[in-house]
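# Following is a predicted model, sequence given first.
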Amino acid sequence: MPEFDIPEQSSRGPEAAAPGPLFRPGAGPDHPLRVQVHRPGTGVLVLSAEGTLDTATTNDFAELVRHRLECTAPGLVLDLSGIEFIDTDGVLTLLETAARARARGIELVLVPGPAVTRLLELLEVGDRFVHAESAEHAVSSAQATVRDRPR
């Protein structure tokens, strides 16, 4: 099962560094974005992410997801139950992913954790995704939808 670590990155140069530690909830070297990719069955690909999905990690995450959408099965599960912190850049990446999946005819099922659910509800965009309570339910849902599609 392929696994990727997306390290915490900073767009701030040394000249812009503030004295003392910079605090962002959930962020930092202890909570980088870690992504695992696996195929649990026919027709479905699962991307499981844990850690922080924010400004520092969304570009790499978005690139990984875009690549998987180009060469993926007809079903894609984004298991974000392990995400401890997400910001609006992370949500924009998820919305872009949903739009790309729809355009390609890929069934996208989201497994949001509490942090993701909270921000999707706050931004009132949760209804733009098919949700599942676990990766197993998401895989079953995606496989059923793929199986039931007319050929």
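Received, thanks.
# For stretch 141-151, the averaged confidence score.
On average, the pLDDT along stretch 141-151 is 70.
# ditto for stretch 87-99
96.
# i'd like the first residue to be 17 from this point on
Got it, first residue is 17 now, which makes that one stretch 103-115.
# What residues sit buried inside it?
103, 105, 106, 107, 109, 110, 113, 114 (16 or more other Cβ atoms under 10 Å). C-beta here means a position set from N, CA and C on the backbone, and glycine is covered the same way.
# May I ask you to confirm that the second one is in contact with residue 74?
Yes: using Cβ atoms under 8 Å, residue 105 and residue 74 qualify as a contacting pair, with a distance of 4.5 Å.
# Find residues that contact each of these two.
Taking Cβ atoms under 8 Å, 6 or more residues apart in numbering as the contact rule, residue 105 and residue 74 have no neighbour in common.
# helices or strands next to the helix or strand hosting residue 154 in the packing?
With elements taken from DSSP states H and E, the one containing residue 154 is helix 151-164. Applying 3 or more Cβ pairs under 8 Å, 6 or more residues apart in numbering; DSSP states H and E, we find helix 151-164 packed against strand 49-57, strand 60-69, strand 91-102, strand 123-128.
# got the angle between the third one and strand 123-128?
On the basis of axes from the mean of the first three to the mean of the last three Cα atoms, to 10 degrees, strand 91-102 is oriented at 30 degrees to strand 123-128.
# coming back round to it: make TSV from the buried residues of stretch 103-115 and add secondary structure and distance to residue 144 to it.
Below are these laid out as TSV (DSSP: H, G, I helix; E, B strand; the rest coil; distance: Cβ to Cβ, whole Å):
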residue	secondary structure	distance to residue 144
103	coil	18
105	helix	17
106	helix	14
107	helix	10
109	helix	13
110	helix	9
113	helix	11
114	helix	6
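# and which of those residues is nearest to residue 149?
residue 110 (17.4 Å; Cβ to Cβ).
# CA-only coordinates of the helix holding residue 154 in PDB, if you can.
Output of helix 151-164 as PDB, limited to C-alpha atoms (Å, rounded to 0.1, in the frame of the first residue of the first chain):
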ATOM      1  CA  ALA A 151     -14.100   3.800   5.000                       C
ATOM      2  CA  GLU A 152     -15.800   0.400   4.900                       C
ATOM      3  CA  HIS A 153     -19.200   1.900   4.300                       C
ATOM      4  CA  ALA A 154     -17.800   4.300   1.800                       C
ATOM      5  CA  VAL A 155     -16.200   1.400  -0.200                       C
ATOM      6  CA  SER A 156     -19.500  -0.500  -0.200                       C
ATOM      7  CA  SER A 157     -21.400   2.600  -1.300                       C
ATOM      8  CA  ALA A 158     -18.900   3.400  -4.100                       C
ATOM      9  CA  GLN A 159     -18.800  -0.200  -5.300                       C
ATOM     10  CA  ALA A 160     -22.700  -0.400  -5.300                       C
ATOM     11  CA  THR A 161     -22.900   2.800  -7.300                       C
ATOM     12  CA  VAL A 162     -20.300   1.700  -9.800                       C
ATOM     13  CA  ARG A 163     -21.900  -1.800 -10.100                       C
ATOM     14  CA  ASP A 164     -25.300  -0.300 -10.700                       C
END
